[in-house]
Structures are given as C-alpha cells and as structure tokens.
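J.: kindly return the folded structure for what I paste below:
(chains A and B)
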Protein chains: 2
Amino acid sequence: MAIALEQARRAAEAGEVPVGAVVLDAAGQVVAQAHNRVEAPPDPSGHAEILALRAAAQVLGTPRLVNCDLVVTLEPCAMCAQAIAHARIRRLIFGAYDPKGGGVEHGPRIFTQPTCHHRPEVIGGVEETAASALLKNFFAARRQ
Amino acid sequence: MAIALEQARRAAEAGEVPVGAVVLDAAGQVVAQAHNRVEAPPDPSGHAEILALRAAAQVLGTPRLVNCDLVVTLEPCAMCAQAIAHARIRRLIFGAYDPKGGGVEHGPRIFTQPTCHHRPEVIGGVEETAASALLKNFFAARRQ
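T.: As a prediction, this is how the structure comes out:
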C-alpha cells in the first residue's frame, strides 16, 4: 500500500485524481504499478487499476493474472472491479471506501453479480486515512 | 453497425472473441473503431469498447466524449458500461444481448446504479442476428 500511496501522490502532482495501484505476484513482488491518467493522455478508462492490470499483463505475457494481487488506494469503480474479475486477480486490497462511485462494496457490488465469473478475496479499508486524505486535499485545492 | 460487425470479423480472424465497436461524433462521422484485443497484446481490459473509447479520446484530445455515440456488436459488460459512463457517451447502440456477461440489461445494470453519474440513451438488439451468429460460430469452432 505504501507504493500505491506514492503512486497516488504522483497522480496529484500531475493534476490527476490521486489514486494509485500496484499488482503483486504470488511471492509478493511488484509486477506493475500505475496511477490515474485520465487527462493526459486523454483516456476515459485511465484509472490506476486498469493501467496497472494492463502493464502487469504485458510483463507476465498473459491477460490472466492468476495468483496475482492488486493493491489500490481507493475502492474500485464498476469498470475497474469488472476488469479485476476479467484478470482473475486473487486478492484485492483497497484503501478508502467510495460510497459515491465504488463498485465493490457500493452500487453494483460487481463481485456479487451472477454475470461476474471470478470473485477475488477483498480486503477494504487498509491505510484508509492516508488514502482518503490525499483525495480530500486534492479536491479541496481544486475548489479554491 | 456494419463497421462494428466488420471489426468483429477481424477479431475472429485474429483469434479474439468477435466483438467490434465504433465511436461516432455528433455528425455521425467515425472517430475511432476497434475490436477485442485481450490475448495479443495481453490486456484483461482489451474489450472493443475500451479500445474504441481510448482511441476516440486521443483523436478528440479529451476523455469526455460528449455528443459521441458508441456502436458495439455485443451488450457491454460492466467494465465497458462504466467506461461508457465515464466517457459521457450520448447514445449506446448494441447488437446481441448478453445474459451471461452483460452489464447494461443484465447483471449489475450499470446505468441504473446510484454510483453511475452519466446515463446514455441505450438501444439494444440492432443487427442482433448477425452479431450473435459471429459469436456462436467462433465458439463452436473453438470447441471442435
């Protein structure tokens, strides 16, 4: 989560919503890391999770990241949750809960749907205070 | 939809699940088109819709594809439906319904969720027979 938080800080510095993600292999080694990149280059799907999953797939040479874990600073949205299922991620660890946009513990609760064919183990609220402080500070600064 | 179906055929030729997508601007001109590319290069998020949205965002220089429409041969999954919402797509036109994996008219019904902040107009079942025949033939050939 420390690496994911550092990625989130880099996102904020780049003017992107501060969310960071890391993919770890079965041994706990970092395979890929990323932060939100929605504005530059413009990509409506450029959330940290999607970018980290894609980078990990390229490193490992397969779209099925079996036995890999994903650590992300914010509860994934429905897009990212379904991508995590497509990628067969073993365990999802996330930081802050997201009642407004989350898709794991809120809204569509993607992993509980009959159309979801892979359900990772989910651990939420890890380093929640640090993860949500980054987001609060970012949006407070943007409102000024 | 003819362009999307042609993209789906190209996917099948490349050994990918035959789904194709096109983004059109407000005047109905093609901005971007894509087909599934999950296996090569390996990308668990490499669905036709995601790739077409990303390409369109790069063409138009913004992640917000306001007044653009997306045409796709298969009902989008939850990942793609949420990406369509993130991209602010005006109208979604899809071909075959997907009771097993769809996220628009099935499963999480993403656009009905309180966590979904943009709801496109949705038209399903356009050229459904052609779109589903491509998928059926592809999976029948793979089972042989």
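
J.: can you list the residues that contact the longest helix belonging to chain A?
T.: Determined from DSSP state H, the single longest helix within chain A is helix A:128-143. Helix A:128-143 is contacted from outside by A:1, A:5, A:8-9, A:12, A:17-19, A:73-74, A:95-97, using Cβ atoms under 8 Å, 6 or more residues apart in numbering or on different chains. The way it works is simple: take the backbone N, C-alpha and C, and place the C-beta from them, glycine included.

J.: so who does residue A:33 touch?
T.: A:3-4, A:7, A:20-23, A:52, A:55.

J.: looks to me like it is in a strand.
T.: Yes: secondary structure of residue A:33 (DSSP: H, G, I helix; E, B strand; the rest coil): part of a strand.

J.: name the nearest residue to it, ignoring sequence neighbours.
T.: Nearest in space to residue A:33, with sequence neighbours left out and distances taken as Cβ to Cβ, 6 or more residues apart in numbering or on different chains, is residue A:22 at 4.6 Å.

J.: just list whatever residues bridge to that neighbour.
T.: For residue A:22, the beta-bridge partners are residue A:33, residue A:71 (DSSP bridges).

J.: what residues are up against the closest residue in space to residue A:118 that isn't next to it in sequence?
T.: Setting aside the residues directly before and after it, residue A:118 is nearest to residue A:85 in space (Cβ to Cβ, 6+ apart), at 4.6 Å. Neighbouring residues of residue A:85 by Cβ under 8 Å, 6+ apart: A:110-111, A:116-120.

J.: quick one: which of the residues you listed has the most company?
T.: Of all those, residue A:110 has the most neighbours under the rule other Cβ atoms under 10 Å in any protein chain shown, reaching 30 neighbours.

J.: that residue contacts residue A:79, correct?
T.: No: if you go by Cβ atoms under 8 Å, residue A:110 and residue A:79 don't touch, sitting 9.3 Å apart.

J.: mean pLDDT per helix and strand in chain A: which one sits at the bottom?
T.: Ranking every helix and strand in chain A by mean pLDDT, DSSP states H and E puts helix A:128-143 at the bottom, with a mean of 94.

J.: give me the buried stretch members for that one, please.
T.: Of the residues in helix A:128-143, A:128, A:130-132, A:134-135, A:138 count as buried by neighbour count, 16 or more other Cβ atoms under 10 Å in any protein chain shown.

J.: any chance of those in CSV, with distance to residue A:104 too?
T.: Below are those laid out as CSV (distance: Cβ to Cβ, whole Å):
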residue, distance to residue A:104
A:128, 14
A:130, 19
A:131, 14
A:132, 16
A:134, 19
A:135, 16
A:138, 21
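
J.: measure residue A:88 to chain B for me?
T.: Per Cβ to the nearest Cβ, to the nearest Å, residue A:88 is found 8 Å from chain B.

J.: looking at that residue now. What's its pLDDT?
T.: Residue A:88 carries a pLDDT value of 98.

J.: now do the same contact list for it.
T.: Counting by Cβ under 8 Å, 6+ apart, residue A:88 touches A:64-66, A:118, B:44.

J.: out of those, which is most surrounded?
T.: Neighbour-wise, those (other Cβ under 10 Å) top out at residue A:65, 27 neighbours.

J.: secondary structure element holding it?
T.: According to DSSP states H and E, residue A:65 maps onto no helix or strand at all.

J.: got the residue ranges for the strands in chain A?
T.: Listed in chain order, the strands of chain A (DSSP state E) span residues A:20-24, A:30-35, A:69-74, A:91-96, A:121-123.

J.: in JSON lines: these, plus mean pLDDT and distance to residue B:34.
T.: Shown next, in JSON lines, are the strands of chain A (pLDDT from 0 to 100; distance: least, Cβ to Cβ, whole Å):
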{"stretch": "strand A:20-24", "mean pLDDT": "98", "distance to residue B:34": "24"}
{"stretch": "strand A:30-35", "mean pLDDT": "98", "distance to residue B:34": "21"}
{"stretch": "strand A:69-74", "mean pLDDT": "98", "distance to residue B:34": "25"}
{"stretch": "strand A:91-96", "mean pLDDT": "98", "distance to residue B:34": "27"}
{"stretch": "strand A:121-123", "mean pLDDT": "98", "distance to residue B:34": "31"}
